[in-house]
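**Q** I would like the atomic coordinates for the input below:
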Amino acid sequence: MTYYGGKEMAASFRTVRNNTIQIAEEIEEKDYGFQASPTSRTVAQTLVHIDNTTSFPLMVHRDQKMSTMQGFNFMAVLGPMTAEEQKPHTKAEIVTKLKKSRDEFGDWLETVPESLLAESVTQGDGTVKTRFQMILGQKEHEMHHRGQLMLMERMLGAVPHLTRQMMERIAQMQAASK
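**A** Have a look, this model is predicted:
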């Protein structure tokens with residue numbers, strides 16, 4: 001028995017994605033072309049990248065139930081994803097895409113049995129990971145890019161919503177202690 005199964009993964013992923021969506025909604029569309037450095041993704045490209053990332057674990061763990069990544073042609077999957085990031089997208093299109101992939105991935109995660117999460121998948125370098133580890137990596141990947149988006153928000157002069165919420169909690173605790 002585990003304490004963190006498919007339903008918990010789904011809830012946790014949805015929390016992460018909802019925070020990403022809130023950032024996407026709060027950044028003004030005029031700033032979607034903002035780029036923190038010449039070699040980094042723009043706000044829009046980062047959001048499209050985040051949206052695209054759920055397709056990989058769905059392919060590997062839901063659709064094909066792959067047991068090995070050895071010999072897998074990553075560029076056949078990543079190439080089209082990267083090309084999609086380069087295309088122009090409106091803010092509304094991106095937010096819609098993020099919600100759709102949140103729902104598809106979250107709905108699937110809710111149905112994943114512990115037995116599937118416990119299965120092993122051989123990585124390209126020969127190491128072995130469980131599907132649980134690999135799927136959890138999806139959420140970690142999104143949080144990594146969400147951190148980049150929060151830094152871009154600050155560079156654009158905004159305070160990210162999670163920081164605002166923390167500041168409000170601190171202010172309430174300070175007021176209550178007086």
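**Q** so how far is Met66 from the closest residue to Asp31 other than its chain neighbours?
**A** Distances taken as Cβ to Cβ, 6 or more residues apart in numbering place Leu156 nearest to Asp31, at 5.3 Å, with adjacent residues excluded. Just so you know, the C-beta spots here come from the backbone N, C-alpha and C atoms, and that holds for glycine as well. From Leu156 over to Met66 the distance is 40 Å, taken as Cβ to Cβ, to the nearest Å.
**Q** can you give me the neighbour number for the spatially closest residue to Phe56 that is not a sequence neighbour?
**A** Nearest non-adjacent residue to Phe56, counting by Cβ to Cβ, 6+ apart: Val77, 6.3 Å away. Look at Val77: counted by other Cβ atoms under 10 Å, it has 15 neighbours.
**Q** how about Gly79?
**A** Using other Cβ under 10 Å, Gly79 is surrounded by 11 other residues.
**Q** name the element it belongs to?
**A** Applying DSSP states H and E as the criterion places Gly79 in helix 74-86.
**Q** show the subsequent helix or strand relative to that helix.
**A** Taking DSSP H and E, what comes next after helix 74-86 is helix 91-111.
**Q** can I get that following helix as CSV, trimmed to CA atoms?
**A** Presented in CSV, the C-alpha positions along helix 91-111 are these (Å, rounded to 0.1, in the frame of the first residue of the first chain):
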residue,chain,number,x,y,z
LYS,A,91,-3.1,34.2,-24.7
ALA,A,92,-6.7,32.7,-24.9
GLU,A,93,-5.5,29.8,-27.1
ILE,A,94,-2.7,29.0,-24.6
VAL,A,95,-4.9,29.2,-21.5
THR,A,96,-7.4,26.9,-23.3
LYS,A,97,-4.7,24.4,-24.2
LEU,A,98,-3.4,24.4,-20.6
LYS,A,99,-6.8,23.7,-19.2
LYS,A,100,-7.5,20.9,-21.8
SER,A,101,-4.2,19.1,-21.1
ARG,A,102,-4.8,19.6,-17.3
ASP,A,103,-8.1,17.8,-17.6
GLU,A,104,-6.8,15.0,-19.9
PHE,A,105,-3.7,14.3,-17.8
GLY,A,106,-5.5,14.7,-14.4
ASP,A,107,-8.5,12.6,-15.5
TRP,A,108,-6.1,9.8,-16.6
LEU,A,109,-4.0,10.0,-13.4
GLU,A,110,-7.2,9.4,-11.3
THR,A,111,-7.6,6.1,-13.0
